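Here is my input; please provide its structure:
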Amino acid sequence: VQLVESGGGSVQAGGSLTLSCAASGYTNSMGWFRQAAGKEREGVAGIDRAGTTAYADSVKSRFTVSRDNAKNTLALQMSSLRPEDTAMYYCAASNWKLRATLGASSLYPYWGQGTQVTVS
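So this is what the prediction gives:
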């Protein structure tokens, strides 16, 4: 499965961005991760094929993850963006349903190339 992200960019604090991820094949659990400069990769949001979602505490009520199973796409709507949201954002996927809706990064075998989000 190949994953291709799009939608990153630069935005002022308080603004919004929507990231998209297109998958080339079947996926079950999917997630968004981010990695800021000098920091470890962290989970942002996860969703399974049934639409169950999970979020990191830092983004709850500001970010919304969604998917379209028919189109094999994943989206992340981000609002009330903060400078600390600046990072490279990655789409991740698994062919099977993970026990946790937002699993550890090591549990996802497929990754996109990343899209940069900069909040100033």
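
wait, what's in contact with the residue nearest the centre of the chain?
In the chain, the centroid-proximal residue (C-alpha atoms, centre = their mean) is W32; its distance is 1.9 Å. By C-beta atoms under 8 Å, 6 or more residues apart in numbering, the residues touching W32 are 19, 21, 43-46, 65, 74, 76, 89-92. Heads up, the C-betas are built off the backbone N, CA and C, glycines and all.

ok, these vs L98, which is closest?
G46 (7.8 Å; C-beta to C-beta).

Please name the bridge partners of that closest one.
Beta-bridge pairing for G46 (DSSP bridges): G31, A54.

Correct me if wrong: it contacts L102.
Yes. Using C-beta atoms under 8 Å, G46 is in contact with L102, at 3.1 Å.

anything in contact with each of the two?
Shared contacts of G46 and L102, counting by C-beta under 8 Å, 6+ apart, come down to G31, A54, Y55.

If any of those are buried, put those into a ChimeraX selection.
Applying 16 or more other C-beta atoms under 10 Å to the shared contacts of G46 and L102, the buried members can be selected in ChimeraX as follows:
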select :31,54,55
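
Now stretch 104-118: buried residues?
S105, Y108, Y110, W111, G112, G114, T115, V117.
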